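> Just need the structure, nothing else, for what follows:
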Amino acid sequence: MFDLKKIRSDFPILDVDIHGKPLIYVDNAASTQKPQSVIDSISGLYSESYANIHRGVHHLSQKSTALYEGARKTVGNFINAGDSKEIVFVRGATEGINLVASSFLEPILEQGDEIVLSEMEHHSNIIPWQLLAERQGAKLSILPILDSGELDLSKLDSLLGPKVKLVAITHMSNALGTINDVGEVIEKAHARDIPVLIDGAQSIAHIPIDVQALDCDFFVFSGHKVYGPTGIGVLHAKAQHLQSMRPYQGGGDMIVSVSFEKTEYNEIPYKFEAGTPNIAGAIGLAAALDYVSELGIVEIDHYERDLLAYATEQFNRIDGLEIIGQAKNKGSVISFTLAGIHPHDVGTIMDMDGVAVRTGHHCSQPVMDHYKIPATTRVSLSFYNTEAEIDQIVISIENVKELLG
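Numbers count the residues shown, from 1 in each chain. Below is the predicted model of the structure:
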């Protein structure tokens with residue numbers, strides 16, 4: 001389906017040796033590697049086009065502004081936003097969630113109100129709501145997960161009571177790989193006039209996203225998880241919400257006029273982009289989305305599902321290995337435990353074989369609590385990974401068992 005040799009050559013870091021072994025990078029759920037086109041877009045900006053944006057009349061400022069606003073349109077097109085004005089650049093999914101908590105929900109959240117989350121949320125989609133609930137005297141209501149790693153949607157209706165002011169749910173679990181039926185969640189919440197935020201930090205790189213079809217009120221993701229740079233992310237919000245929301249931060253560029261008596265705020269989305277933004281980050285993100293679009297997100301999805309099926313089959317043959325999370329609809333994530341061996345030891349030994357995996361609770365401690373385990377070893381795959389790499393991972397896991405089992 002893909003020219004894997006060509007694709008892998010687009011990522012310079014994949015040629016690096018680790019402890020004298022070829023790198024096998026399968027920590028993509030934590031952060032993806034960067035194609036040369038993204039690297040070139042950032043270095044090209046700083047070497048040929050850089051100046052601060054929006055207010056300058058000179059050539060470089062005009063050029064940087066065009067690139068930055070072009071990046072906003074690229075993001076909007078990638079997720080099929082109705083208008084690029086609905087795209088707010090933030091530092092990452094975490095800041096996007098915090099922005100919604102502060103600017104949208106806090107002004108309307110009252111004592112006794114509820115926020116619905118799921119048991120499989122990343123800490124970034126728990127703590128902002130927890131802090132807000134503590135300040136306002138509200139509470140969190142939790143949609144449980146089944147042992148399969150799927151949401152128990154049979155419990156959703158009972159949670160969507162008259163006190164619920166927001167549902168915040170992950171699209172794809174970073175710890176389990178589960179791809180949730182967020183369409184059903186949104187439909188049921190909207191039937192009760194409850195707005196919904198979707199955490200798309202994991203799904204953005206693996207499956208097609210159409211925010212208009214989903215009809216979610218808010219959608220957040222981070223650039224570094226979709227082959228772009230760190231320090232840049234996106235909050236997509238329906239225009240009517242952005243219009244009514246108060247500014248998240250104050251400073252330059254989010255204003256029309258300032259006096260000591262009164263400040264008039266800028267139009268959306270600039271009302272939420274105070275100060276000099278991450279210009280290079282936005283341009284690098286656009287280059288990453290262009291790269292993904294060129295490969296084809298549908299084709300990526302198909303390839304990664306085939307790769308996941310192959311990896312699952314191979315891992316299931318390893319004695320003592322238990323895969324945590326067996327959802328029917330999964331993204332390319334396998335979290336596992338090895339009988340009698342701590343995940344941190346697994347990861348340390350695999351690193352000596354050049355295999356980069358993630359170990360720990362993956363910022364999803366409630367998930368670990370559900371399965372009554374402290375941590376897992378996580379293999380998270382990308383379109384630049386191969387079946388041959390999976391075979392080497394299996395050999396590395398067997399090596400761990402031989403050394404410590």
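> what about the helices in the stretch 101-250 of the chain?
All helices of the stretch 101-250 of the chain, identified by DSSP state H, counting those that start in this stretch, fall at 127-136, 156-159, 182-190, 211-214, 239-244.
> which secondary structure elements does the fourth one contact?
By that I understand helix 211-214. Helix 211-214 makes packing contacts with helix 182-190 when contacts are defined by 3 or more CB pairs under 8 Å, 6 or more residues apart in numbering; DSSP states H and E. In short, each C-beta sits where N, CA and C put it, glycine included.
> got the buried residues for the helix it packs on?
Applying a neighbour-count criterion of 16 or more other CB atoms under 10 Å, one finds 182, 185-186, 188-189 buried in helix 182-190.
> Give me the helices and strands touching that helix, please.
For helix 182-190, the packing partners by 3+ CB pairs under 8 Å, 6+ apart come out as helix 156-159, strand 164-170, strand 196-199, helix 211-214.
> how about the strands of the stretch 251-400 of the chain, start to end?
Per DSSP state E, counting those that start in this stretch, the stretch 251-400 of the chain carries strands over the ranges 255-258, 263-265, 321-324, 333-338, 355-356, 358-360, 376-380.
> The last one vs strand 333-338, what angle?
Relative orientation of strand 376-380 and strand 333-338, computed by axes from the mean of the first three to the mean of the last three CA atoms, to 10 degrees: 150 degrees.
> Contacts for strand 376-380 next, please.
26-30, 174-175, 177, 311, 324, 332-338, 343, 346-347, 350, 357-362, 368, 393 (CB atoms under 8 Å, 6 or more residues apart in numbering).
> most neighbours per residue, which of the helices and strands packed on helix 182-190?
Neighbour counts (mean count of other CB atoms under 10 Å) averaged over each of those peak at strand 196-199, with a mean of 26.
> what pairs with that strand, and is each one parallel or antiparallel?
Note on strand 196-199: by DSSP bridges, its sheet partners are strand 164-170 (parallel), strand 218-222 (parallel).
> Let me have these in JSON lines, extended by distance to S61 and mean pLDDT.
Below are the strands paired with strand 196-199 laid out as JSON lines (distance: least, CB to CB, whole Å; pLDDT from 0 to 100):
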{"stretch": "strand 164-170", "distance to S61": "38", "mean pLDDT": "98"}
{"stretch": "strand 218-222", "distance to S61": "27", "mean pLDDT": "98"}
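> mind putting those in a markdown table, distance to D152 included?
What follows is the strands paired with strand 196-199, written out as a markdown table (distance: least, CB to CB, whole Å):
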| stretch | distance to D152 |
| --- | --- |
| strand 164-170 | 13 |
| strand 218-222 | 23 |
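> Out of those, which is closest to I268?
Nearest of these to I268, taken as CB to CB: strand 218-222 at 13.5 Å.
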